[in-house]
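*Asks:* Based on what follows, work out the 3D shape:
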Amino acid sequence: IPAGTNTLINTGIVPANATNTPPWTMAQDTATVDVFANRGLTITKEAGTSQSGTFADTVVVEEGDTVYFKINVYNNGNSTLDNVMVYDVLPNYLTYVPGSTTIDDIPQANNHIINQASPIILTDLAPGGGKIIKFRATVVDCPPLGTNTVVNTAYTYATGVTQIYDTATIEFTVTRPPTP
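*Replies:* Here you go, the predicted structure:
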């Protein structure tokens, strides 16, 4: 059922007459029901400095540190979301740690979380259902000296649901010149 209010009409037709013998006449009636489907896809993105530690919208790390990301995808609507997809776009100075992606703490064999062309497919999410995706990235690629701020963005969408996103901010300080 598409999002919004949908009108369903059911028409019943039966042969009938007062004596219940031929000749028959046709009788019909219709019932109309309005169904409201709420496509309640939500996403939250947070970062932290350890897999099991505190996650927040902003994290402060240093060059060479590992940043832990957590993405919560949730269906707070009243209808199942079909073909839920999730991907993440890492900004400059962050490199994905291969093999670090988990969904509900189950390791994933691919790096689809950072592949917009081939995102993670969560299949369907029932009303009230959700998934937690975690992965790691390392601060690298010779960031400039001083304090740097980058924004990491995660995206999700589903059949009939427009893409939405959330961000986490990473602040890191480089105190030494890059190694040649």
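*Asks:* Could you list the low-pLDDT ranges of this protein?
*Replies:* Low-confidence regions of the chain, defined by pLDDT under 70, span residues 1-8, 14, 16-21, 24, 26-27, 32-39, 141, 176-180.
*Asks:* Show the contacting residues for the closest residue to residue 91 other than its chain neighbours.
*Replies:* Leaving aside its sequence neighbours, residue 91 sits nearest to residue 150 (CB to CB, 6 or more residues apart in numbering; 4.0 Å). Every residue, glycine included, has its C-beta placed from N, CA and C. Residue 150 makes contact with 91-94, 169-170 under the criterion CB atoms under 8 Å, 6 or more residues apart in numbering.
*Asks:* in the sheet, who's paired with residue 150?
*Replies:* Going by DSSP bridges, residue 150 is paired in beta bridges with residue 170.
*Asks:* now the one 4 residues further on
*Replies:* The partner list for residue 154 in beta bridges (DSSP bridges) reads residue 88, residue 166.
*Asks:* again with residue 121
*Replies:* Under DSSP bridges, the beta-bridge partners of residue 121 are residue 85.
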